[in-house]
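A.B. asks: What would the 3D arrangement of this be:
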Amino acid sequence: MYHEAVYINTNSAFPDAFGAVSYWFVIQQNQTKPALSQSSSRPFLDLLSQSPKTIGFSRHPYEPIEGVERLEIYCVGGYHPINIGDHIHTRYQVVQKLGHGAYSTIWLVRDQRHGKYVAIKVCTVDSNPFEFSVLSELSDSQQSSSTSLGKTMIPQGLDNFEIQGPKGINPCYVSILTRMSLSGADLPSKYGGPELVVIRRFDGQPLPSNIPPKAILPIWLGEASGEIILPEAKIQFSDFGEAFSHTNQDKFKSHTPLVSRPPDARFEPYTPLSLPSDICMFATEDSITCEQVDALDLLPREWWSKSEERHIKFTEDGRPLNREPYWSWEESFEQDIQQPRHRKAMPLIEPTERDAIFKMLKSTLKFRPENLFTAKQIIDCEWMVKWALPEYEKIRKR
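C.D. replies: Residues are numbered from 1 along each chain as shown. The predicted structure is shown next:
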């Protein structure tokens, strides 16, 4: 069983976490940290959490370009510079940029051996070296079953190799495109050519050799979620860059985005991350913890004492202090679910189904990992059995 940040792409043009994503759901993303310290073992990691104001122009020398990877990460341990028209591994010709993340850039390329388009993820030098093996193991486990719902949800890895860059060796992974209708004729006429932006330093000095002369904006090959009907929505898990098997190694530091990080990762930093934490979807900043407590209950006693702002934001029994309370479950459901459905002339969710939804969600929103439902318990819960899975089967058969 693997821990992983899993992004769900609906009808996206490529199987990765960056670019044409209509919505996403994070299960868990973890990062090795053998010892708790303030310094990172990856040379570029510290840059990711800092802004130009905090690190100064000496460490942020380039004018920022919206939608482009942080140029400072073209450094030791970082990105590999790539240009349109490059041939990667002699076989794959770069056609367009699909996106980027903290540990990779993703490219639309033409496989000249088979004459088709595929996606290549070119990882940073210091990225997880086991990503492709994890993906292959998960994919192989599904391919043996003809009935597994997960068979089409795990992207198929086609190739993996390494390329020598100016700052080290970069792992590369090739995968299929989820939008298989792309053709050479479609690309220029429908999407236009690559959009390039000149890279400039704040101090006006020439660019170093490891920085591309022009930044490439990612192309959008997806569809707006509002334009996709349910039978057309294809769910696919992707981005396995931080996956690990909890049976083979312990990890203590979570790099899941704060909005989805389990609270035990904050309050129990010396306890290995666990499978139950994968079910939890929390943020851990004090401001977000206020929302958690308002919606659920007090933190466990030993965690409550570690909350730095509890005396400012809460009374001792957990009531809001010096602030307005967050919405209740019922208020949020009415505002975010029922009212939009009413505006779209959709039938409202009946109280029986609403209560089953609440019960399921609350089972995934427990502070203690050991109190969380397992994935199987969620699949077997009332809402999944009576409403979600039957509807999903109808969609599959259309």
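
A.B. asks: Every contact and neighbour count from this point should use C-alpha atoms.
C.D. replies: Noted.

A.B. asks: Domain-wise, how is this structure divided?
C.D. replies: As assigned by automatic domain parsing, the chain contains the domains 2-236, 271-397.

A.B. asks: Lowest mean pLDDT across these, which one is that?
C.D. replies: Of all these, domain 2-236 carries the lowest average pLDDT, namely a mean of 72.

A.B. asks: for the domains of the chain, which one ends up most surrounded?
C.D. replies: Compared across those, domain 2-236 shows the largest average neighbour count, a mean of 17 (mean count of other C-alpha atoms under 10 Å).

A.B. asks: Setting aside sequence neighbours, what's the nearest residue to I88?
C.D. replies: Excluding its sequence neighbours, the residue lying closest to I88 (C-alpha to C-alpha, 6 or more residues apart in numbering) is V94, at 7.4 Å.

A.B. asks: and H114, how far is that from Y92?
C.D. replies: 10 Å (C-alpha to C-alpha, to the nearest Å).

A.B. asks: which residues pair with the residue nearest to I88 across the strands?
C.D. replies: Taking DSSP bridges as the rule, V94 bridges to V109.

A.B. asks: Touching, it and N83? I think so.
C.D. replies: Yes - if you go by C-alpha atoms under 8 Å, V94 and N83 touch, sitting 7.3 Å apart.

A.B. asks: now the helices: where do they sit in this protein?
C.D. replies: Shown for the chain, the helices assigned by DSSP state H span residues 45-48, 52-59, 131-143, 186, 264-267, 286-295, 301-304, 310-313, 329-333, 339-343, 351-363, 375-379, 382-383, 389-397.

A.B. asks: can you put these in JSON lines and add distance to T247?
C.D. replies: Output for the helices of the chain, formatted as JSON lines (distance: least, C-alpha to C-alpha, whole Å):
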{"stretch": "helix 45-48", "distance to T247": "26"}
{"stretch": "helix 52-59", "distance to T247": "38"}
{"stretch": "helix 131-143", "distance to T247": "14"}
{"stretch": "helix 186", "distance to T247": "46"}
{"stretch": "helix 264-267", "distance to T247": "18"}
{"stretch": "helix 286-295", "distance to T247": "30"}
{"stretch": "helix 301-304", "distance to T247": "27"}
{"stretch": "helix 310-313", "distance to T247": "36"}
{"stretch": "helix 329-333", "distance to T247": "36"}
{"stretch": "helix 339-343", "distance to T247": "44"}
{"stretch": "helix 351-363", "distance to T247": "24"}
{"stretch": "helix 375-379", "distance to T247": "17"}
{"stretch": "helix 382-383", "distance to T247": "31"}
{"stretch": "helix 389-397", "distance to T247": "30"}
